[in-house]
Structure formats: C-alpha cells, structure tokens
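J.: no FASTA, just this:
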C-alpha cells in the first residue's frame, strides 16, 4: 500500500468542533457537496456513504483561499 495519503481523517462533525474549522456544520457540508468545483476534493474521501476529511488537506485548502492584501 502507498503511504502518500494523510492519516489525519475526521468526520465532518469532528472537524467542525476542531479549532482549525471556521465553518458551521451546514457550511462545511455545503463545501463538501461543492468539493469538485471549489477544490476541496483532494482532502475528501468517501467510503460508501461515509465522508471523511483529511485535517491537513482541509487546512491546506483553507489557507490557499485566503484573501490577498490589497
């Protein structure tokens, strides 16, 4: 097996409780639903109906979307 995938997976409900997540549960699920469009897809893994998110991948995605100072 390849070890290139992060090992810090969390359920969305766990990620919302983590200090790294600035979103409500509904907002996070909206971003998950739109993951193919907004670029979050590499951090999301689907196993059947279960959705898990890489905390590291989520933080990388979040920091890549910061507003640039004018």
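T.: Ah, there it is. Quick caveat, the model's predicted, so the values are computed rather than measured.
J.: Please tell me the pLDDT value assigned to residue 8.
T.: Per-residue pLDDT puts residue 8 at 87.
J.: no wait, residue 37
T.: 94.
J.: who are the neighbours in contact with the closest residue to residue 38 other than its chain neighbours?
T.: Distances taken as C-beta to C-beta, 6 or more residues apart in numbering put residue 31 closest to residue 38, at 6.2 Å, once the chain neighbours are dropped. Quick note: C-beta positions are derived from backbone N, CA and C, even for glycine. Going by C-beta atoms under 8 Å, 6 or more residues apart in numbering, residue 31 touches 23, 38, 40.
J.: So which of those wins on neighbours?
T.: With neighbours defined as other C-beta atoms under 10 Å, the most crowded of these is residue 40; it has 21 neighbours.
J.: Report the spatially closest residue to that one, excluding sequence-adjacent ones.
T.: Nearest to residue 40 is residue 61, by C-beta to C-beta, 6+ apart, at 5.1 Å.
J.: for the helix or strand harbouring the one you found, packing partners?
T.: For residue 61, the element it lies in under DSSP states H and E is helix 55-64. Contact here means 3 or more C-beta pairs under 8 Å, 6 or more residues apart in numbering; DSSP states H and E; on that basis helix 55-64 packs against no helix or strand.
J.: Show me which positions of it end up buried.
T.: 55, 57-58, 61-62 (16 or more other C-beta atoms under 10 Å).
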